[in-house]
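Visitor: give me the fold of what follows.
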Amino acid sequence: MAAEPDIAQPDQPASGLNRRKFLIGGGALGGLALAWAIWPRSYEPNVAATENEQIFGAFLKISEDGQVTVVVPQSEMGQGVYTVLPQILADELGADWRTVAVEPAPINSLYSNIPLAEQWAESLMPAGSKKLTENAAVQWIAQNVAVREQFMVTADSTSIPAFAASFRDAGAAARVLLTKAAAERWDVPWEACTVENGMIANGEKSLRFGALVREAANQNLPDPVPLRTAGAGSLIGQDVPRLDLPSKLDGSANFAGDVRLPDMVYAAIRQGPIGETRLKSFNRAGAGKITGFIDVVEGDQWIAAVATNWWAANRALDKMSPIFETRGFMADSERIDGFLQKALDDGPGTRFLSRGETSGLFTEENLVRARYHANAALHAPIETRTATAEYKDGGLELWMATQAPVAAVQAAARALNIQQDRVTLYPMLSGGSFDRNLDNDIAAQIALIARKMGRPVQLMWSRAEDLMHDHFRAPSQARLDAAMAKGGRVEALQIKIAAPPSGREQVKRLFDGLGNAEAMRSSIGDADSKAVEGLDIPYDIANLTVDHHSAFVGVPTGNWRSNAHSSNVFYLESFIDELAAKAGIEPLSFRMQMMNNAPRLARCLTSVAAMAGWDGGLDRSGQGMACHSMRGGHIAIIASASRGGSGLEVRRISASVDIGRIIHPDIARQQIEGGIVFGLAMALGSATRFEKGLPKVRRLRDLSLPRLAEIPPIQIEFVRSEEESAGYEELGVPAVAPAIANALFSATGARLRQLPLFGEIS
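Guide: Have a look, this model is predicted:
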């Protein structure tokens, strides 16, 4: 007789927040209110400007020759944020796009990412606390403390939702000030003037922005500042040229590895296995045989060689043969699998989602159960971790790409034991990231190396170092139980996820400055809402529970493109397909009968079915579907796939996407298409197993990534919508793997329940 699924135990008491950023004083809200009363509540822009430039708030400056420079506080990683946010501002300003430039923002509380702070604060709340959206007090804490703590972070597709309104307001304010300056010259009402393509006009009279900047700075703003009504000249919805593209095409764009300073030297690094590791010994004499070798710099858990070029530094490390000693647990995939299974079957769970009542609804006759597994996944961006620094006069200048600039500065300052204001960060373009640049170990390393050398140094991690010392997407296991009534209706669904508390661990590394081992150790047993991301079930199932079973896995985990959505949606959408097969209902109809509360996602499903010529996935057709909603966006995917003697063949991927109002259609398409390719790579590889404290993957070719010839035709259609613009940078990823798995089930009758789909990587 099938056992009834166990119900998660009541929410476990969690260690209270002891972090100054989220709770101040023993009385929480009372202590916070008292402390907040004496905190600064207004901040001034600190944008740098030349003599012929006028600053208009924190996001904009305009020069007397008419150049409009937009200040962007988010990291450009290829996702187009250096174009989309300026496009919003320039449209509201009425600027000529040919005059628009962009520069990274300095560190300032005005650039705090409030929506992201709210999301991350939720993962730090004690188990059993209400969600932020249901707890106004906690939301207030997140908003205000994020500003006070300069929460400048690029992550979780929040750039547009977090800053679109601010950029539009900034453009509107500058437009009104410029218009009032022109109207004052002409002695006409400012409301009677028009603004278009960088010109203020009234009848036959017209002036360019640059001629008015000094006078505009002395004008007063009305309350409220009027916004423009979209018209024929609107930049929104147009494929304006990307601002970062010309320099990337001609090679003039600067990444951290492109920085060249007088008397600069180069460093390579070796780090020991994951865990409680220390550098034990090395053969310095061996390095002396390498032409160009200069010196060695030792850290607690790493060793760096410095030379006149990077290749010499890396060869010197080979000759030194450093030996590391690791105490305690050393990561091993067999043991990790065991920890996850034990947590799933025997460990206490924390309930993050509950509706209806599942108890007593499962019987031997109606129970459908499946278990799924996902290996740890790597980021593997094209650019490995790279930073350049110079230490002089007790201060540090630092050039690096980072998604968390304040945390990077703090890491460097902490390593050198100097004040944070003694570190000057120059944010660089990022050669990809997928959230790899949220971690700032390299900032501390380069700071120590630069101080020891007393001259500019550029540190670049080798590909092997970058892969072996990643902060991985968490390995996880899932158990899904459904109670199915006659006719195929799902009466109850229980989902249990065993995974480490990646969100808490990430934040402890990022903001508390804890090392990998400390962050993992201090998070043992914590519940984490980020572990169950992607399981806000869109289906109309009356009785539902989602539980996180916290597990120690012994490897550092953190953000990865789409985070736990990537694995959890694979579990959910594959299982939905299993239920459809069990009920004898074709997958589209099975989903649509449960879409009463998700009309936008339902529309995506019907649209993609028409686009792809959906045939029901029957009779070994090799078609499979999956859908998902995340961060305000919605996507449905149909994949056509088969498996033959040469392996998996994905013949076509079709997607219908609803991301609300689209600002830049081409960038939106690029990001959805790139996300789909990323999801395909996740289905085939991108993962690693572990042995003796290190991942088994050491080279890109070990990742089983799809080659260009293996990328199928990708068809994308956007649903026309006037809803608020959603964050879409990660939306394309999660539904791809389950769509392919479901297509393979259609083609072969075999159900694949692991990521990557074809088992162990390396």
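Visitor: all strands of the stretch 401-550 of the chain, in order?
Guide: Assigned strands in the stretch 401-550 of the chain, in chain order: 423-427, 457-460, 476-484, 490-499, 543-550 (criterion: DSSP state E, counting those that start in this stretch).
Visitor: reformat these as CSV; add distance to residue 119.
Guide: Using the backbone N, CA and C atoms, a C-beta is placed for each residue, glycine as well. Below are the strands of the stretch 401-550 of the chain laid out as CSV (distance: least, Cβ to Cβ, whole Å):
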stretch, distance to residue 119
strand 423-427, 22
strand 457-460, 32
strand 476-484, 19
strand 490-499, 17
strand 543-550, 16
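Visitor: quick one: the ones you listed as TSV, columns for mean pLDDT, mean neighbour count and distance to residue 315 too.
Guide: Below are the strands of the stretch 401-550 of the chain laid out as TSV (pLDDT from 0 to 100; neighbours: other Cβ atoms under 10 Å; distance: least, Cβ to Cβ, whole Å):
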stretch	mean pLDDT	mean neighbour count	distance to residue 315
strand 423-427	98	20	29
strand 457-460	98	26	14
strand 476-484	98	24	39
strand 490-499	98	25	40
strand 543-550	97	24	43
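Visitor: closest one to residue 448 among those?
Guide: strand 457-460 (10.0 Å; Cβ to Cβ).
Visitor: name the surrounding residues that touch the closest one.
Guide: The contact list for strand 457-460, computed with Cβ atoms under 8 Å, 6 or more residues apart in numbering, reads 256-257, 259, 264-269, 304, 306, 310, 384-390, 442, 445-446, 449-450.
Visitor: quick check: which of the strands of the stretch 401-550 of the chain is nearest to residue 656?
Guide: strand 490-499 (23.8 Å).
Visitor: burial measure for residue 325, as a count.
Guide: Neighbours of residue 325 under the rule other Cβ atoms under 10 Å: 12.
Visitor: err, residue 192, not the other one
Guide: 11.
Visitor: lowest confidence element among the helices and strands of this protein?
Guide: helix 29-37 (a mean of 40; mean pLDDT, DSSP states H and E).
Visitor: where in this structure is pLDDT low?
Guide: By pLDDT under 70, the low-scoring segments of the chain are 1-41, 122-138, 141, 231-232, 646, 760-762.
Visitor: let me know the outermost residue of it.
Guide: Farthest-out residue of the chain from its mean C-alpha position, per Cα atoms, centre = their mean: residue 187, at 50.7 Å.
Visitor: now that residue. Its backbone dihedrals?
Guide: Main-chain dihedrals, residue 187, degrees, to the nearest 10: phi 60, psi 50.
Visitor: contacts only, for residue 239.
Guide: 664-666.
Visitor: repeat that for residue 378.
Guide: 467, 470, 472-473, 686-688, 695, 697, 703.
Visitor: measure it to residue 314 for me?
Guide: 21 Å (Cβ to Cβ, to the nearest Å).
Visitor: same thing with residue 344?
Guide: Separation of residue 344 from residue 314 (Cβ to Cβ): 42 Å.
Visitor: same question for residue 297.
Guide: 14 Å.
Visitor: what of residue 619?
Guide: Noted for residue 619: a distance of 56 Å to residue 314, by Cβ to Cβ.
Visitor: what does residue 543 give?
Guide: Applying Cβ to Cβ, the value for residue 543 to residue 314 is 58 Å.
Visitor: next: residue 398.
Guide: With Cβ to Cβ as the criterion, residue 398 and residue 314 are 22 Å apart.
Visitor: of those two, give the one with the bigger neighbour count.
Guide: Using other Cβ under 10 Å as the criterion, residue 398 and residue 314 rank with residue 398 on top: 28 against 20.
Visitor: phi and psi next, for that one.
Guide: Dihedral pair for residue 398: phi -130, psi 130, per degrees, to the nearest 10.
Visitor: that one touches residue 420, doesn't it?
Guide: No - applying Cβ atoms under 8 Å as the test, residue 398 and residue 420 come out as separate, 11.8 Å apart.
Visitor: common neighbours of the two, please.
Guide: Both residue 398 and residue 420 are in contact with residue 409, where contact means Cβ under 8 Å, 6+ apart.
Visitor: where do the strands sit along the stretch 651-762 of the chain?
Guide: With strands called from DSSP E, counting those that start in this stretch, the stretch 651-762 of the chain shows them at 687-688, 690-691, 694-695, 714-718, 754-755.
Visitor: scratch that, the stretch 1-150 of the chain
Guide: With DSSP E, counting those that start in this stretch as the criterion, the stretch 1-150 of the chain has strands spanning 53-55, 60-63, 68-72, 100-104.
Visitor: can you say which of the ones you listed is nearest to residue 483?
Guide: Comparing the strands of the stretch 1-150 of the chain by Cβ to Cβ, strand 68-72 comes nearest, at 49.9 Å.
Visitor: and the helices in the stretch 401-550 of the chain?
Guide: 405-416, 441-453, 463-468, 502-512, 516-522 (DSSP state H, counting those that start in this stretch).
Visitor: with distance to residue 86 and mean neighbour count added, can I get those in CSV?
Guide: Formatted as CSV, the helices of the stretch 401-550 of the chain follow (distance: least, Cβ to Cβ, whole Å; neighbours: other Cβ atoms under 10 Å):
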stretch, distance to residue 86, mean neighbour count
helix 405-416, 19, 23
helix 441-453, 27, 24
helix 463-468, 31, 19
helix 502-512, 27, 24
helix 516-522, 36, 19
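Visitor: which one of those lies closest to residue 658?
Guide: Within these, the stretch nearest residue 658 is helix 502-512; the backing value is 26.8 Å (Cβ to Cβ).
Visitor: what angle separates the closest one from strand 476-484?
Guide: Per axes from the mean of the first three to the mean of the last three Cα atoms, to 10 degrees, the angle that helix 502-512 makes with strand 476-484 is 140 degrees.
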